[in-house]
Every structure is written in structure tokens, then in C-alpha cells.
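> Sequence and predicted structure below; questions after.
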Number of protein chains: 2
Amino acid sequence: MMKAVVLLSGGLDSTTTLAIARQEGFECFALTIDYKQRHRAEIDAALRIAQTLNASQHRILDVDLSTFGGSALTDPRFEVPTTSTPGIPVTYVPARNTIMLALALAWAETLRAQDIFIGANAIDYSGYPDCRPEYIGAFENMANLATKSALEGRKFRIHAPLIDLSKAEIILRGVSLGVDFSATVSCYQATPEGMGCGRCDACRLRKAGFTTCGVPDPTRYVAPC
Amino acid sequence: MMKAVVLLSGGLDSTTTLAIARQEGFECFALTIDYKQRHRAEIDAALRIAQTLNASQHRILDVDLSTFGGSALTDPRFEVPTTSTPGIPVTYVPARNTIMLALALAWAETLRAQDIFIGANAIDYSGYPDCRPEYIGAFENMANLATKSALEGRKFRIHAPLIDLSKAEIILRGVSLGVDFSATVSCYQATPEGMGCGRCDACRLRKAGFTTCGVPDPTRYVAPC
């Protein structure tokens, strides 16, 4: 079996991505980055999901991005917005996907894996620049100049299988693969039990996705979306 | 003053790079990544150097790459080689510069800095792929697709001012800028007091650089090079 490193946050998108990587026949090594986001509920979710979806290994690595701050997810001085505003919202975490993909690359090279999966999505998203296909392509190009593996002919492929799907399509894909979405946590400020606030961008995109595709939303929300 | 994030390992190259960034008129924010390398002596060196060279701020961030291993610097099962061998040596740390530059990018974006300095060198080096100019260019290109800052027109520049200098030229440049090389630690397996082993690649390249340029080597070595 080919090995793949799969970035797993514990949310709806990364969980579906892990299910897709498995379906494509990869032996999956799940990687969760605890970057000191606002809550641990998604890390707890990632732990359960990696087990349920039979990841060969699951590593949780601490990288304390609150050292830098600059985002509502890593700096308590910013509040998570509960209404949609034009432009990239304050929940954007500088260089987050670059840091996560860099760490996935390190693990992949160590494992002699050439495939890395990330649940980035550029349709029903918050406009984060590091979720766009041109970014994913540029990272792959850089990774293939950065590494001993690539120099020796074992090039890396960065897979972003959700990149051009709507949230509804992602949910339908997950359902078809048997994903239990009640185990996933998308909310930026979930309760310790993993309940969504029902008001942040992540909750609203998630809720709208379930509504659009007609799948019952198993998420427990503190406030109705 | 323009702000710059400078990656500072505590070695000869990154210290000279910090001195160059200062000379170029930047307000410098030094960033050291404690990736659980074999010794802390270079972290202690970085602490002293950031102070001496008047960095505005100095952050030390833990990223435990021994989680992945795969290198003589992060995995105790590998020994540091004491003879030169063809190819990229086992001291290569998968994706190290990519991880470090990604973290520097995160801090730079938070600071609204557009300049990042790294002491990568592709002349007197161990053949690490992430020290070559084509890699640095690919990282810069990726960074300018990854970030909100770049989307808004504030593009990043990755400076690698040592990239095509010999070790002797780097030393002469450092001397001209008043760098005290006795404070720097290059050795892969330095003693807690910062003495070089005198046998690893890093010690041999350093020693040869001082010999070539005729500057007295202030380094204390356990074994004569």
C-alpha cells in the first residue's frame, strides 16, 4: 500500500479528505497540529476520527501560533465574527496551511511517502488565500525543490480533493464514504463538548451545506443557525 | 524603519545574516526554532547573539521534529558522521528550512513585515536541497500566493544574502560587520558549553573557512579539526 500523510483538523472537510485518501487505497498517517486554537474540541474529535477511519498512525504536534497571534483563532484580543463581512475575515491565521503542509512534508519524507492530503476548499470558504488551487500548486512545486526525496526522483503530490467542491457536495461525498459527521467539529469556538456556536463563519457554512444537500445536520449548536 | 524577520539558529551563517539585515537598515525580529536538535548550545548562543546584535524582539518557538525523526539531528538512532561521504548526509532534516520559513512567514505577516532573512548557503554546505537559490525562489513565490498580505499588495521578499558566498567570504563579511564569532555555535553535536566536536561536517566547513581567509578561529574544539 502507498503511504499518505493526511492533515486532520477534526472538522468536516479534513475528515472527508481522510475518508477519500483511504478509498483511494492509501495507508493513511494522520497529522493534527495543535496550534493553540481557541478550543481543544477539534483535537479531541481528530483523535476519535483517526481511530474510526483506521489511520495507521496519528500524530498530534504542538506548534504554538499564539506566540505570533494576529488572528481571532490564536489571539484572545480578537473576537470571532458572527456576521459575514467583505474581505478575508480576522479568523485568517497567517501562513497556517503553509506551516501545516511543511510539517506534513517533513513526516512524509521521513516515511518515504510521496502523497500529502489537505482538505482545502475554495468554494464554500472564508476567502483564505492558502485554500486556493494556485497556492496548492505553488506549495507542491516548492516541496519538489526542498527535499532530498524529490532530488532522488521521489516527487511529492499535494492532493486537495475538495478544492472545487461545494460544502453540500463535500457532505454528500462524505456520506457516500460512511463518514459520521456527528464526530466532526467545525466551529471556531466550540464548547468543550464539541457543540458549535451556530454563529461563526464555520458553523454557517456547515449548516448551509447540510441544508442544501438535504442531509440531516447531526451537529449540536448552542444557538440556532 | 522597515521590519524584517531573521531566522537565527545561533550559528556562524545566521548570525552574519542578522548583522547584514541590520546593516541594510532593517528593524530585526529574530526567530529561533527549537526543533529538539541534539543540543541546546546553539539556542543559548542565539539568545546572546540576538541581544548583542540588538534584535528588537527574539522569539524561540518549540517544534518537536523528533516526533518525525529521520535525521541524525533529530533521531538518536542515527550518528552524526565524522567523515565526508558522497550525497546528502544523514544530518539532513526533512523540510527543515520549509518549516522555519513558514513560521517566519507567519510572524512576518503578523508584524506587517515583508522581509524575511535566512542564512542559507549553497557553496560551502552539505548539499541540502533547501539551501539552493531555486528553492528560495520557489518558497517566495508560494508565500506570495499563501498570504492575505500578498493578496493586498504587500508581497514578501525572502533574502538569502549568503547564498553564493564561500564560508571564507561569509567570515570576512561578518568580521567587517563586527560579528563576534566566538559567540556562535555551528557544531551538530556541541558540548553544553558550546565547544565544537571538531569532526562533523559543520565543524570542518567552519574551520576550513577560517583557515582560507586567514582570520584566527575563535572556536573551541574538543578534537583538533
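Done, it's in.

> now the helices: where do they sit in chain A?
Secondary structure of chain A by DSSP state H: the helices cover A:12-23, A:41-52, A:96-111, A:133-146, A:148-151, A:167-176, A:201-213.

> right, and those - which one's nearest residue A:71?
Closest approach to residue A:71 among the helices of chain A is made by helix A:96-111 (8.1 Å; CB to CB). In this view, the C-beta of every residue, glycine as well, is placed from N, C-alpha and C.

> Can I get the helices of chain A in a markdown table including distance to chain B, mean neighbour count and mean pLDDT?
Shown next, in a markdown table, are these (distance: least, CB to the nearest CB, whole Å; neighbours: other CB atoms under 10 Å in any protein chain shown; pLDDT from 0 to 100):
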| stretch | distance to chain B | mean neighbour count | mean pLDDT |
| --- | --- | --- | --- |
| helix A:12-23 | 18 | 25 | 98 |
| helix A:41-52 | 15 | 20 | 96 |
| helix A:96-111 | 3 | 26 | 98 |
| helix A:133-146 | 4 | 22 | 98 |
| helix A:148-151 | 5 | 19 | 96 |
| helix A:167-176 | 22 | 20 | 98 |
| helix A:201-213 | 15 | 20 | 95 |
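
> Between those, which one is closest to residue B:46.
Closest of these to residue B:46 is helix A:96-111, at 20.4 Å (criterion: CB to CB).

> now residue A:192, nearest residue through space, not along the chain?
residue A:41 (6.0 Å; CB to CB, 6 or more residues apart in numbering or on different chains).

> typed the wrong thing, it's residue A:172
Residue nearest to residue A:172 in three dimensions, not counting chain neighbours: residue A:213, with 5.2 Å by CB to CB, 6+ apart.

> State which strand of chain A is the longest.
Ordering each strand of chain A by length in residues (DSSP state E) puts strand A:27-34 first.

> Tell me what angle that one forms with helix A:41-52.
For strand A:27-34 against helix A:41-52, the angle by axes from the mean of the first three to the mean of the last three CA atoms, to 10 degrees is 170 degrees.

> what residue of chain A is the furthest out?
Distance from the centre of chain A peaks at residue A:152, with 29.7 Å (CA atoms, centre = their mean).

> Report pLDDT for it.
With respect to pLDDT, residue A:152 scores 95.

> next one: residue A:76
What the model reports as pLDDT for residue A:76 is 88.

> distance of it from residue B:201?
Distance from residue A:76 to residue B:201, counting by CB to CB, to the nearest Å: 44 Å.

> got it, and residue A:86?
Separation of residue A:86 from residue B:201 (CB to CB) stands at 53 Å.

> Please see if the longest strand of chain A touches chain B.
No: contact between strand A:27-34 and chain B is absent, the nearest approach being 9.3 Å (criterion: CB under 8 Å from any CB of the partner chain).

> I'd like to know which elements that strand is packed against.
If you count contacts as 3 or more CB pairs under 8 Å, 6 or more residues apart in numbering or on different chains; DSSP states H and E, strand A:27-34 packs onto strand A:3-7, helix A:12-23, helix A:41-52, strand A:57-62, helix A:96-111.

> which one of these lies closest to residue B:118?
Residue B:118 sits nearest to helix A:96-111 of all those, at 13.8 Å, using CB to CB.

> quick one: the closest one to helix B:133-146, angle?
Using the same axes, to 10 degrees: helix A:96-111 against helix B:133-146 is 140 degrees.

> So residue A:145 sits against residue B:134, correct?
Yes: Residue A:145 is within contact range of residue B:134, at 5.5 Å (criterion: CB atoms under 8 Å).

> any chance of the helices and strands packed on strand A:27-34 in a markdown table, plus distance to residue B:111?
Below are the helices and strands packed on strand A:27-34 laid out as a markdown table (distance: least, CB to CB, whole Å):
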| stretch | distance to residue B:111 |
| --- | --- |
| strand A:3-7 | 26 |
| helix A:12-23 | 29 |
| helix A:41-52 | 27 |
| strand A:57-62 | 22 |
| helix A:96-111 | 16 |
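
> Verify the contact between residue A:100 and residue A:6 for me.
No: using CB under 8 Å, residue A:100 is not in contact with residue A:6; the gap is 11.1 Å.

> any common contacting residues for the two?
Shared contacts of residue A:100 and residue A:6, defined by CB atoms under 8 Å, 6 or more residues apart in numbering or on different chains, are found at residue A:31.

> give me every residue that touches residue A:134.
Contacts of residue A:134 by CB under 8 Å, 6+ apart are residue B:145.

> do you know how far it is from residue A:54?
Distance from residue A:134 to residue A:54, by CB to CB: 33 Å.

> now residue A:213
As defined by CB to CB, residue A:213 lies at a distance of 26 Å from residue A:54.

> just residue A:188 next, same as before
Distance, residue A:188 to residue A:54, by CB to CB: 28 Å.

> Those two: which has the busier surroundings?
In terms of neighbours (other CB atoms under 10 Å in any protein chain shown), residue A:188 is the more surrounded of residue A:188 and residue A:54; the figures are 24 against 11.

> ok, the more buried one touching residue A:205?
No: the pair residue A:188 / residue A:205 is not scored as a contact, 11.0 Å apart, by CB under 8 Å.

> correct me, but residue A:73 touches residue A:93?
Yes: proximity of residue A:73 to residue A:93 meets the contact threshold set by CB under 8 Å, at 5.4 Å.

> of the two, who's got more company?
With neighbours defined as other CB under 10 Å, residue A:73 and residue A:93 compare such that residue A:93 has more, 25 against 22.

> Identify the residue nearest that one in space, chain neighbours excluded?
Spatially, and ignoring its direct neighbours in sequence, residue A:93 is nearest to residue A:71 (4.3 Å; CB to CB, 6+ apart).

> That neighbour: how many residues sit nearby?
By the measure other CB under 10 Å, the count of residues near residue A:71 is 24.

> Tell me which residues touch it, please.
Going by CB under 8 Å, 6+ apart, residue A:71 touches A:65, A:78, A:90, A:91, A:92, A:93, A:94.

> What of residue A:58?
Residue A:58 sits next to A:8, A:29, A:30, A:31, A:32, A:46, A:47, A:50, A:51 when contact means CB under 8 Å, 6+ apart.

> and if you look at residue A:181?
Residue A:181 sits next to A:12, A:15, A:171, A:174, A:175, A:217, A:218, A:219 when contact means CB under 8 Å, 6+ apart.

> Residue A:107 now?
Applying CB under 8 Å, 6+ apart, we find residue A:107 in contact with A:5, A:29, A:31, A:59, A:113, B:67, B:68, B:94.
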